[in-house]
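1. A structural model of the following input is requested.
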Amino acid sequence: MGTVRPVTLAALLTLAFASGSEAANRHVLLLQSLDRGNLTQDFFTGDFRIDLDRLSDDSITFTQFVVNPSGFDVSPENAIVTFLLSAYANRPTPDLVVTVGGPAAAFARKYRQQLFPATPMLFAAVDERFLEGPPLATNEAAVAVVNDFPGMVEDILQVFPETSNVFMVIGSGPLGRFWHRQLERDFQRFEDRVGFTWSDTMSLQEMLKHVSTLPARSAIFYMTFDADLQGGQLAEDRVLAEIHAVANAPLFGPQGAQLGRGVVGGRMMAIDDLGHATAEAALRILKGESPQNIRIPRLKPAPPTFDWRELQRWGVNESRLPPGHIIRYREPGVWERYKWVIVAGSSALIGQALLIGALLVHRARRRRAEQSLQEHVADLRTARSSLSHLSGRLMEAQEQERARLARELHDDLGQKMSFLAMDVAQLRETLADNPTGAQEQARELQDGVISLGRDIQRISHRLHSSKIEVLGLRAAADSFCKELSGRHDLKVEFLHENVPANLPEGVAISLFRVLQESLSNVVKHSGARQCRVVLRGGDGELELQVIDNGRGFDPGRTVSGHGLGLISMQERLNLLHGRVTISSSAGAGTTVRASVPLQAKPDVQSESAPGDREVSATTA
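-> Just a heads-up that it's a prediction; the model follows:
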């Protein structure tokens, strides 16, 4: 882990007045306690500068100096005083001096008479302990805080009642030594319950090794780590990250800027509120108000605030948290994260269920109609002519409805399923760093949507095969045989001979429906393992044969028993002046023969050379 390099006085002077070449109405000097890298100080300074710029009507120039630079066991205070005096020797004194943190406040009070004695001074982001001693002068004001570090220990014991050891992470520099003395005195009231171990005698690597092997019932209290035993300045966010990565005990910290970086939480100081209060006080001074009239009450820690992710990591039930607590970084549930995906998927499933229900209702109605027709077969014969005309219109309407449903399934629901699958895939990539449970749910949802899209496509093709119109009856029949063979334990052999390329209206779709019904019966009832389909043209007609080696049945009994499929095949072919015969017996398989006359002799499309009458075969 790298350290923050000390900045030379010459470099500080160059940076300090880099913006001084442009005229500014107000000049604010910021005396920082530490180099950059301290989360609390960096967050406060950023919030303060942004708020003051936003509130002020005048342009403001900020100049920053560090009074406790890294790399020094004892701060070179005299050299810093001399440097500041020389820096402003030929320049106007600042309109306001703002100190940030305890060491800067102590430095400014100690050398007040040497450094800008007449300039208003605002002590900011400073614990009240650094302001003990002489009262504030008339041109001084303070935005001080009352840190409740013992209260943080009480929060640890509230959340983890079995805690008996607290490891104090504290730096080896002057600031760390100051707080070690203060906290040892403050924590005396816990001596009967908790033992405290301090890190100011350790290097960073020693400290990391220690936090990874803490005994059971331990907790970690991150106070500050301005420098390690070797004197190197360390960036606080990296120190927190490395502790969090190896620690075997929960990590706590008293500053709001540390929340979200591995600390569990507790009663923490709200740095954004502190920066805003300091900006308002500074604005009042810059507008001419006397600092002695600005007496801001000491800021206290915010209500106990906790990181939901750390509570989950350490298995803390929210009932153990202090009253009035606040929980941040709570991850949304499955519904909040995938609400629209779930709604879209559910809508698609509901739509599919309604469609299937409508088809089942239609099928049930048709079965009842066929049963009624069988019961009144005598009356049906007397009205055969008119019924044939009506059946033709019904068949045409049925095919139109099938085509419409197929288009809607393919063009509407199918497209929606495709986009939904792509959205779910993109969601999986976005959640790569999220908990594995949520990613697995997204994967399952994606698989389900893809499967749903395939089912809709298969239903679409079964309702209305566009291959009949585009490729013709032979190609459509061949494709259907292959598809059915692939989905069931049935070997289907398809043979064709002299099948015309152009067929009269209704012939192709009627024979294709007969093929569908016949193969469906083979799959459902025959128990056959092999089936042969022959499509042959010749002598002014087109013939279809479906032959299986299944268990067979009694055709006469089945017809008299109102078999829906057989009646449907007969009705279709009767409309075209065709015929269908079924030959079967128990244990000897079944043969369905359907033939339709061709009114005009069409061109013959065959894969054989002209004059070649051999049967070509395709095995699915």
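2. quick one, domains of the protein?
-> 9-145, 149-268+301-328, 335-464, 469-620 (automatic domain parsing).
3. out of these, which comes closest to Leu274?
-> Nearest to Leu274, of all the domains of the chain, is domain 9-145, at 5.8 Å by Cβ to Cβ. Where you see a C-beta, it was placed from the backbone N, CA and C, and this is true even at glycine.
4. what about the closest one, average pLDDT?
-> For domain 9-145, the mean pLDDT works out to 84.
5. cool, stretch 210-220 as well?
-> On average, stretch 210-220 scores 94.
6. got it, and stretch 148-162?
-> 93.
7. do the same with stretch 580-598
-> Computed over stretch 580-598, the average pLDDT equals 87.
8. list the buried residues for that stretch?
-> Val580, Ile582, Ser584, Gly589, Thr590, Thr591, Val592, Arg593, Ala594, Ser595, Val596, Leu598 (16 or more other Cβ atoms under 10 Å).
9. how about the third one, what does it touch?
-> Read it as Ser584. Shown in contact with Ser584 (Cβ atoms under 8 Å, 6 or more residues apart in numbering): Gly552, Phe553, Asp554, Pro555, Thr590, Thr591.
10. report the two of the buried residues of stretch 580-598 separated the most.
-> Taking Cβ to Cβ, no two of these sit farther apart than Gly589 and Leu598, at 28.9 Å.
11. can you show me the strands along the stretch 501-620 of the chain?
-> Assigned by DSSP state E, counting those that start in this stretch, the stretch 501-620 of the chain shows strands spanning 530-538, 541-548, 579-584, 590-597, 616-619.
12. I misspoke; the intended subject was the stretch 51-200 of the chain.
-> Using DSSP E, counting those that start in this stretch, strands in the stretch 51-200 of the chain cover 60-66, 96-100, 121-127, 140-145, 165-170, 195-198.
13. partners of the closest residue to Pro291 other than its chain neighbours in the sheet?
-> Spatial nearest neighbour of Pro291, excluding adjacent residues (Cβ to Cβ, 6 or more residues apart in numbering): Ala141 at 3.9 Å. Counting by DSSP bridges, Ala141 forms beta bridges with Leu122.
14. could you measure Ala141 against Phe149, distance?
-> Separation of Ala141 from Phe149 (Cβ to Cβ, to the nearest Å): 25 Å.
15. comparing those two, which residue is more hemmed in?
-> Between Ala141 and Phe149, Ala141 has the larger neighbour count (other Cβ atoms under 10 Å), namely 26 against 19.
16. correct me if wrong: the more buried one contacts Gln292.
-> Yes. Applying Cβ atoms under 8 Å, one finds Ala141 in contact with Gln292, separated by 7.5 Å.
17. quickly find the element holding Ala477.
-> helix 473-487 (DSSP states H and E).
18. residues contacting Leu484?
-> Leu484 neighbours (Cβ under 8 Å, 6+ apart): Leu490, Val492, Leu519, Val523, Ala620.
19. among those residues, which lie within helices?
-> Leu519 (DSSP state H).
20. ok, so of the contacts of Leu484, who is nearest Arg529?
-> For those, the nearest to Arg529 is Leu490 (6.6 Å; Cβ to Cβ).
21. and the gap between that closest one and Met422?
-> 35 Å.
22. and what of Ile326?
-> 39 Å.
23. can you check Ser164 too?
-> In terms of Cβ to Cβ, Ser164 sits 55 Å off from Met422.
24. likewise for Ile50?
-> 41 Å.
25. again with Arg91
-> 63 Å.
26. re the thing from before, check the contacts of Leu484 and tell me the two furthest apart.
-> Across the contacts of Leu484 (Cβ to Cβ), the longest gap, 13.2 Å, separates Val523 and Ala620.
27. closest one to Glu375 among the strands of the stretch 501-620 of the chain?
-> Nearest to Glu375, of all these, is strand 579-584, at 21.7 Å by Cβ to Cβ.
28. that closest one pairs with which strands?
-> Strand pairing (DSSP bridges) places strand 579-584 next to strand 590-597 (antiparallel).
29. circling back: could I get the buried residues of stretch 580-598 as JSON lines with distance to Met121?
-> Shown next, in JSON lines, are those (distance: Cβ to Cβ, whole Å):
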{"residue": "Val580", "distance to Met121": "107"}
{"residue": "Ile582", "distance to Met121": "108"}
{"residue": "Ser584", "distance to Met121": "109"}
{"residue": "Gly589", "distance to Met121": "107"}
{"residue": "Thr590", "distance to Met121": "105"}
{"residue": "Thr591", "distance to Met121": "109"}
{"residue": "Val592", "distance to Met121": "105"}
{"residue": "Arg593", "distance to Met121": "109"}
{"residue": "Ala594", "distance to Met121": "105"}
{"residue": "Ser595", "distance to Met121": "110"}
{"residue": "Val596", "distance to Met121": "106"}
{"residue": "Leu598", "distance to Met121": "109"}
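30. for these, which one is nearest Ala501?
-> For those, the nearest to Ala501 is Leu598 (12.2 Å; Cβ to Cβ).
31. ok, and the closest non-adjacent residue to the closest one?
-> Nearest residue to Leu598, sequence neighbours excluded (Cβ to Cβ, 6+ apart): Gly540, at 5.5 Å.
32. count the residues that sit near the one you found.
-> Considering only other Cβ under 10 Å, Gly540 is surrounded by 10 other residues.
33. now the strands: where do they sit in the stretch 251-400 of the chain?
-> Under DSSP E, counting those that start in this stretch, the stretch 251-400 of the chain gives strands at 251-252, 265-266, 305-307, 326-328.
34. most packed of those strands?
-> strand 265-266 (a mean of 28; mean count of other Cβ atoms under 10 Å).
35. now what about it, what contacts it?
-> Contacts for strand 265-266 (Cβ under 8 Å, 6+ apart): 151-152, 155-156, 159, 252-254, 259, 304-307, 310.
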